[in-house]
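Novice: Have a look; sequence and predicted model below, questions after that.
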There are 2 protein chains.
Amino acid sequence: MREAFHEQLEDLFADLAAISREVENAVHYATNALLDGDATTAEQVISADSQIDMAAEKVENDAITMLSLQQPVAGDLRKLVAALRMVSELERMGDLSVHVAKIARLRVPDVAVPESERPTLAAMGRIAKEMVGAVTRVIATRDVEEAKELEAMDDEMDRLRRQTFTEVLSGSWTHGVEPAVDIALLGRYYERIADHAVTVANRVVFIVTGEQPES
Amino acid sequence: MREAFHEQLEDLFADLAAISREVENAVHYATNALLDGDATTAEQVISADSQIDMAAEKVENDAITMLSLQQPVAGDLRKLVAALRMVSELERMGDLSVHVAKIARLRVPDVAVPESERPTLAAMGRIAKEMVGAVTRVIATRDVEEAKELEAMDDEMDRLRRQTFTEVLSGSWTHGVEPAVDIALLGRYYERIADHAVTVANRVVFIVTGEQPES
């Protein structure tokens, strides 16, 4: 019984890692769609989100079933509760990728982001993707050191977001209101993906060490 | 033992309702600070958030302790898991109120929202506050009918947010980029408060009926 439980727990974390990998794809392709003004890729990100949602629902149901049937305590309970929370964060990260893809789609055949801002948005997209990639590995390996590296990446994301504000609100902004609004919202979406990534990584740290880093 | 458990569960939901009441205040005062350009009120909302966070942490710890010590099943387990999720949503709603207050503070001594947009933002703030008020009552009373009313309020919030986009992106917008960016982000924050309110209400419906409404 106890061994079967631990196998189920491993399966649950493998499912979480698989969802994280799907989110990584969503972030990657949403950024591509955004920077290329590519409606087809944007549509794919939007429609693929239902698979993330279904996979998340399965993890939730499995975790609750395990809570109910196995009544775990101590570390095992902590892992199950953490899994329930991590899956909500991952599901939100998928939604946020969809928001990025929807802004891309809205502006087709134009590109939402003016050329001068594309390097900054590309960097935000790349860091977001790298952070989700790190989350996938951290879930799979429970590597506390890699989990802690997410904080520095999140700082870089915050710096890039401040940079977009500086550029958009400077006197020399010539692109008008619409791209400014798009960039403000895109910055918010990428920042939230990064925040959720840090939270998921910190939950793994909590599982391993019993201590919750500040998030 | 079982009766003590149900008393603890009632206490847990009373704590959730108390947090929801604090969030209602946060939304209310953040909107006041925003529309009046009132830095003192904005500061109060920002500093009061740590109390919401502490109260949320207590609920989380209590719920996990109850899971661990009492090992509930079926409906009782469902309630505890729902409480764990609801408290995360409420905590986020508090954070979003802080985001509104921070935009208010950033623009003092000016008012972030141009006069022509204040009625729309005031309406968003009022609906957000009413939704959180409804959530407080729904948590306390488990009134499924009132919970279902949140959806219509959320539709009204979405309509108001679309209206701000129409106004900000129209050719006749004369206020420049900065207020447009502020309004886009404020709209996002209020919309998210409303979304979380619907999710919390739906979790109460799930507890009572065993069925999860679409959220």
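Specialist: Thanks, I have the structure now.
Novice: quick one: the helices in chain A?
Specialist: Taking DSSP state H, the helices of chain A run over residues A:2-36, A:39-70, A:74-107, A:118-141, A:144-168, A:177-209.
Novice: Can I get these in a markdown table including distance to B:Ile193, mean pLDDT and mean neighbour count?
Specialist: C-beta here means a position set from N, CA and C on the backbone, and glycine is covered the same way. Putting the helices of chain A into a markdown table (distance: least, CB to CB, whole Å; pLDDT from 0 to 100; neighbours: other CB atoms under 10 Å in any protein chain shown) gives the following:
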| stretch | distance to B:Ile193 | mean pLDDT | mean neighbour count |
| --- | --- | --- | --- |
| helix A:2-36 | 24 | 96 | 19 |
| helix A:39-70 | 22 | 96 | 17 |
| helix A:74-107 | 15 | 96 | 22 |
| helix A:118-141 | 24 | 98 | 21 |
| helix A:144-168 | 21 | 97 | 16 |
| helix A:177-209 | 14 | 97 | 23 |
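Novice: among these, which is nearest chain B?
Specialist: With respect to chain B, and counting by CB to the nearest CB, the nearest of those is helix A:177-209 at 4.4 Å.
Novice: count of neighbours near the residue in chain A positioned nearest to chain B?
Specialist: Of all residues in chain A, A:Gln71 sits closest to chain B, at 3.9 Å by CB to the nearest CB. Residues within reach of A:Gln71, counting by other CB atoms under 10 Å in any protein chain shown, total 17.
Novice: Once you drop chain neighbours, what's closest to it?
Specialist: Using CB to CB, 6 or more residues apart in numbering or on different chains and skipping residues adjacent in sequence, the residue nearest A:Gln71 is B:Gln71, 3.9 Å away.
Novice: how close does that neighbour sit to A:Leu77?
Specialist: Here the criterion is CB to CB, to the nearest Å. By it, B:Gln71 lies 9 Å from A:Leu77.
Novice: A:Ile103 now?
Specialist: The gap separating A:Ile103 from A:Leu77 is 41 Å, by CB to CB.
Novice: A:Ile207 against A:Ile139, yeah?
Specialist: No. In this structure A:Ile207 lies outside contact range of A:Ile139 using CB atoms under 8 Å: 9.9 Å.
Novice: Identify the residues contacting A:Gly187.
Specialist: Contacts for A:Gly187 (CB atoms under 8 Å, 6 or more residues apart in numbering or on different chains) come out as A:Met124, A:Leu160, A:Arg161, A:Thr164, A:Phe165.
Novice: want to try TSV for these, with distance to chain B as columns?
Specialist: Compiled in TSV, those are given as follows (distance: CB to the nearest CB, whole Å):
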residue	distance to chain B
A:Met124	16
A:Leu160	16
A:Arg161	11
A:Thr164	10
A:Phe165	8
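Novice: nearest to A:Asp182, of those?
Specialist: The shortest distance between A:Asp182 and any of the contacts of A:Gly187, using CB to CB, involves A:Thr164 and amounts to 10.5 Å.
Novice: Name the nearest residue to A:Arg137, sequence neighbours excluded.
Specialist: Ranked by CB to CB, 6+ apart and with sequence neighbours excluded, the top spatial neighbour of A:Arg137 is A:Glu146, at 6.1 Å.
Novice: go on, A:Glu43?
Specialist: When the adjacent residues along the chain are set aside, A:Glu43 lies closest to A:Arg105, with 6.9 Å between them (CB to CB, 6+ apart).
Novice: Would you mind giving me the confidence score for A:Val73?
Specialist: Confidence at A:Val73, expressed as pLDDT, is 87.
Novice: wait, doesn't it sit right on B:Ser68?
Specialist: Yes. Using CB under 8 Å, A:Val73 and B:Ser68 qualify as a contacting pair, with a distance of 5.2 Å.
Novice: and A:Ala184, what does it touch?
Specialist: With contacts defined as CB under 8 Å, 6+ apart, A:Ala184 is in contact with A:Thr164, A:Phe165, A:Val168, B:Val181, B:Ala184, B:Leu185.
Novice: again, only this time at 6 Å
Specialist: Under the criterion of CB atoms under 6 Å, 6 or more residues apart in numbering or on different chains, the contact partners of A:Ala184 comprise B:Val181, B:Ala184, B:Leu185.
Novice: Could you find the closest non-adjacent residue to it?
Specialist: What sits nearest to A:Ala184 in space, not counting adjacent residues and going by CB to CB, 6+ apart, is B:Val181, at 4.4 Å.
Novice: returning to that earlier point: what's the spacing between the residue nearest to A:Arg137 and A:Ala194?
Specialist: When CB to CB is applied, the distance between A:Glu146 and A:Ala194 equals 15 Å.
Novice: Near chain B, which residues of chain A? Just list them.
Specialist: Where proximity means CB under 6 Å from any CB of the partner chain, the interface of chain A facing chain B comprises A:64, A:68, A:71, A:73, A:77, A:81, A:169, A:173, A:177-178, A:180-181, A:184-185.
Novice: let's see 7 Å
Specialist: Within chain A, the residues that sit near chain B (CB under 7 Å from any CB of the partner chain) are A:64, A:67-68, A:71, A:73, A:77, A:81, A:84, A:168-169, A:173, A:177-178, A:180-181, A:184-185, A:188.
Novice: how deep is A:Gln212 tucked in, by neighbour count?
Specialist: 11.
Novice: just to revisit the earlier point, could you check how far the residue nearest to A:Gln71 is from B:Arg2?
Specialist: From B:Gln71 over to B:Arg2 the distance is 12 Å, taken as CB to CB.
Novice: got the phi/psi numbers for the residue lying closest to A:Phe206 once chain neighbours are set aside?
Specialist: Spatial nearest neighbour of A:Phe206, chain neighbours left out: A:Gln212 (4.8 Å); criterion: CB to CB, 6+ apart. Main-chain torsions, A:Gln212, degrees, to the nearest 10: phi -100, psi 110.
Novice: what's near enough to touch A:Gly133?
Specialist: With contact taken as CB atoms under 7 Å, 6 or more residues apart in numbering or on different chains, A:Gly133 is in contact with A:Glu24.
Novice: Right, I'll call it a day here.
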